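**Q** Sequence first, then the predicted structure:
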Amino acid sequence: MTNAVLLDNVAHADLRVRTGYSAEFGDNINLALVLPTEFVFVQREYPILFRRDAKDEFQAVALLGLDKGENLFLHEPAWNARYVPAIQQRGPFLIGLHREVAGAPSREPPRREPPNREPMVHVDLDHPRISRTEGEPVFLRHGGHSPSLERATRMLQLLYHGVELARPMFAAFEEAGLIESMEAEVSLDDRVKYKLPDFFTINPDRLAALDGAALERLNRPGYLQLAIFVVHSLGNVQWLIELKNRRRAAGAA
């Protein structure tokens, strides 16, 4: 549950945000929701996989670890990667849409509201990053946005527009016959193996075999490049294996 309220520079003049990454802040996760607007950044660091949500609709996730609650990039208080998924970067801030909020990891992203209603930044006052005594200020002395809030707002914009793009992107992938189930097995050594069930990905052979008309239909709205990002991201599975084996070796030492 969240205690999300409209962010106000008077009521919340003394609000501060604790920085860094830790299990306390909810960063000990092995999957993070990612949206098409950030695929270009995500694919450089993490495998991008698809899975079906509670409504049986596709969503994209970044694979961060092989065990539940394991984030191989989390080294408190740091996140050791060049890019952190926007859903984690935005911290306690959310976008208010009607009576719902977008960006909460425990809820499905809501539909974009009608154009005559402006999305507004909300803050979860019960979020563990929120403080009145420590961390970076949310507002400047005279009420302007602090650098911390500006960063969070950029992430919220990325999420907001990504939600709008995700559904038609997946529809286009399905229409082109690109999505396939992925029953991968990851081997750390001869004895330790992990299975990755219930995931989906882009079939690279089908992507390469598309004719000119199909490629044009994907390329015009920018979906072709997003499909290529997903395929390229799977090379990061090997990096996850290396990180996992380093952690195992450190634990055995």
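**A** Nice, I can see it.
**Q** OK, contacts around Gln59?
**A** By CB atoms under 8 Å, 6 or more residues apart in numbering, the contact list for Gln59 reads 33, 50-53, 166. Every C-beta, even on glycine, is put in place using the N, C-alpha and C of the backbone.
**Q** Pull out the buried members of these.
**A** For the contacts of Gln59, a burial check counting by 16 or more other CB atoms under 10 Å picks out 33, 50, 166.
**Q** so of those, which ones are in strands?
**A** The members of the buried ones among the contacts of Gln59 that map onto strands under DSSP state E are 33, 50.
**Q** Closest to His12 out of the buried ones among the contacts of Gln59?
**A** The shortest approach to His12 among the buried ones among the contacts of Gln59 belongs to Leu33, at 26.2 Å (CB to CB).
**Q** what ranges do the strands span in the stretch 101-250 of the chain?
**A** With DSSP state E, counting those that start in this stretch as the criterion, the stretch 101-250 of the chain has strands at 120-124, 130-131, 136-137, 179-187, 193-202.
**Q** From Ala208, how far out is the residue nearest to Phe173 when sequence neighbours are not counted?
**A** Nearest residue to Phe173 in three dimensions, chain neighbours excluded: Ile179, at 5.1 Å (CB to CB, 6 or more residues apart in numbering). Note on Ile179: its distance to Ala208, by CB to CB, to the nearest Å, is 15 Å.
**Q** In terms of packing, which of these two has more residues around it?
**A** Ile179 (19 against 8; other CB atoms under 10 Å).
**Q** hey, what's that one bridged with?
**A** Assessed by DSSP bridges, Ile179 has beta-bridge partners Ile202.
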